[in-house]
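S.K.: give me a model of this one.
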Amino acid sequence: MDMPTTSLVLMQANWEGRLTYKVSADRVSLDDTRVADKLVRLLSGTDGPIHVTFTDGLMVRVFGHVPDDVFTSDEVYEQTVECSTFVIKEGN
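M.R.: Residues are numbered from 1 along each chain as shown. Sure thing, here's the model as predicted:
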């Protein structure tokens with residue numbers, strides 16, 4: 001995954017037990033700085049488990065409170081009482 005800033009955020013959060021992740025593609029075309037910033041704000045604004053999947057973009061599943069300023073309304077994929085899922089398409 002050619003996203004060094006995001007990779008560092010993922011590894012640090014995983015060491016702290018705050019986040020799990022899965023990479024399902026060799027290459028992911030996302031804005032590294034934007035994704036890293038979203039993950040840092042999400043990690044600082046929620047205390048529930050977070051799971052991130054990189055495949056044809058990025059899917060973030062959050063169990064718990066999601067700060068209002070992390071994701072835009074067009075990135076919301078699904079929300080239930082216990083879980084919110086957000087998707088960022090490749091190239092964004």
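S.K.: which residues touch the residue most central in space within the chain?
M.R.: The centre of the chain sits closest to V60, judged by Cα atoms, centre = their mean, with a distance of 4.2 Å. By Cβ atoms under 8 Å, 6 or more residues apart in numbering, the contact list for V60 reads K38, L39, L42, I50, H51, V52, F71, T85, F86, V87, I88. (Glycine included, C-beta is placed from N, CA and C.)
S.K.: swap in 10 Å and give it another go.
M.R.: Shown in contact with V60 (Cβ atoms under 10 Å, 6 or more residues apart in numbering): 19, 21, 35, 38-39, 42, 50-53, 66, 70-71, 75, 77, 84-88.
S.K.: please spell out the PyMOL selection for the buried subset of those residues.
M.R.: Only the buried entries of those go into this PyMOL selection, using 16 or more other Cβ atoms under 10 Å:
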select buried, resi 19+21+35+38+39+42+50+52+53+66+70+71+75+84+85+86+87+88
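S.K.: of the contacts of V60, which belong to strands?
M.R.: Residues of the contacts of V60 located in strands (DSSP state E): L19, Y21, I50, H51, V52, T53, Y77, S84, T85, F86, V87, I88.
S.K.: which two of those residues have the greatest separation?
M.R.: L19 and Y77 (17.9 Å; Cβ to Cβ).
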